[in-house]
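[1] no FASTA, just this:
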């Protein structure tokens, strides 16, 4: 371990081999940091935080502060961060309340750029990119490989589907289905995220099926329930289509259209 002499590390924190702590950083009690995670200067990691291996946390980031929720009454809640994440300058990640999933979770291989905010009870999957100053309110779930543009604000309890792309400076108040592009204030859909799907190796047959499903759901004049049934009848039964339809069926806030 390389701990700068000006850093303040609680004796009740647990640091694995290869951890680096930069100047003037503060690590409080009940913090667990995995192997080879590097923490730059002036980072504050408050209590009840678990951080995995090979993460990079840049200067002035704040992790584990109490949630900005008036219902919070000092309960012992946690932030759990996986492996291989990059958390840039001035990013903030808050502990959860006891409600909903009862924890704030960030998976693996994510990039949180400068000034991003992850509020209480959010759950992020893997390979997600949050661009500069993107902000998540509480209780938001973001699925794998989603990309959120800079200066975008997302309403609490919203779900962001896998492989979706949200343009910069958007205001998102409804669920964004998997595989699509959305943008605007308020956000609306602009077709499939074709560039992202091709980059990630989706087959031509899968993309054709998703295009047809998208047209039926969002470009026809059918009622949503009727459109879903037609997709089930006319489009190949493949995992991506099942995920697409399940996401829409389970939406509680309603789907961005």
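    Perfect, thanks for sending it. Nothing here was measured: the structure is a model prediction, and the numbers come from that model.

[2] At the geometric centre of this structure, which residue do we find?
    Central residue of the chain (CA atoms, centre = their mean): residue 124, 3.4 Å from the mean position.

[3] now the strands: where do they sit in the stretch 101-250 of the chain?
    Ranges of strands in the stretch 101-250 of the chain, per DSSP state E, counting those that start in this stretch, are 103-106, 111-112, 117-118, 123-124, 129-130, 135-136, 141-142, 147-148, 153-154, 159-160, 165-166, 171-172, 180-184, 187-192.

[4] between the ones you listed, which gets nearest to residue 71?
    strand 103-106 (15.0 Å; CB to CB). In short, each C-beta sits where N, CA and C put it, glycine included.

[5] Who does residue 180 form a beta bridge with?
    Note on residue 180: beta-bridge partners residue 192, judged by DSSP bridges.

[6] coming back round to it: which stretch among the strands of the stretch 101-250 of the chain comes nearest residue 221?
    Between the strands of the stretch 101-250 of the chain, strand 187-192 lies closest to residue 221; by CB to CB that is 15.8 Å.

[7] Rounded mean pLDDT for stretch 178-186, please.
    Stretch 178-186 shows a mean pLDDT of 98.

[8] Ends of it, what's the gap?
    In terms of CA to CA, to the nearest Å, the two terminal residues of stretch 178-186 are separated by 18 Å.

[9] What are the structural domain limits within the chain?
    With domains defined by automatic domain parsing, the chain comprises 2-142, 197-249.

[10] Most tightly packed of the ones you listed?
    domain 2-142 (a mean of 19; mean count of other CB atoms under 10 Å).

[11] what does the average pLDDT come to for that domain?
    98.

[12] What's the end-to-end length of that domain?
    Start-to-end, domain 2-142 (CA to CA) is 34 Å.

[13] rewinding a little: may I see the domains of the chain arranged in CSV, with distance to residue 191 as well?
    Formatted as CSV, the domains of the chain follow (distance: least, CB to CB, whole Å):
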stretch, distance to residue 191
domain 2-142, 20
domain 197-249, 7
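
[14] and of these, who's closest to residue 161?
    For residue 161, the closest of the domains of the chain is domain 197-249, at 5.3 Å, according to CB to CB.

[15] Now do the buried residues in stretch 248-257.
    Buried residues in stretch 248-257, counted by 16 or more other CB atoms under 10 Å: 248, 251, 255, 256.

[16] ok, now stretch 144-161?
    By neighbour count with 16+ other CB under 10 Å, stretch 144-161 contains the buried residues 144-150, 152-156, 158-161.

[17] which of the residues you listed are the two that sit furthest away from each other?
    145 and 156 (22.4 Å).

[18] Pull the contacting residues for residue 14.
    Contacts of residue 14 were listed using CB atoms under 8 Å, 6 or more residues apart in numbering, and they are 31, 32, 33.
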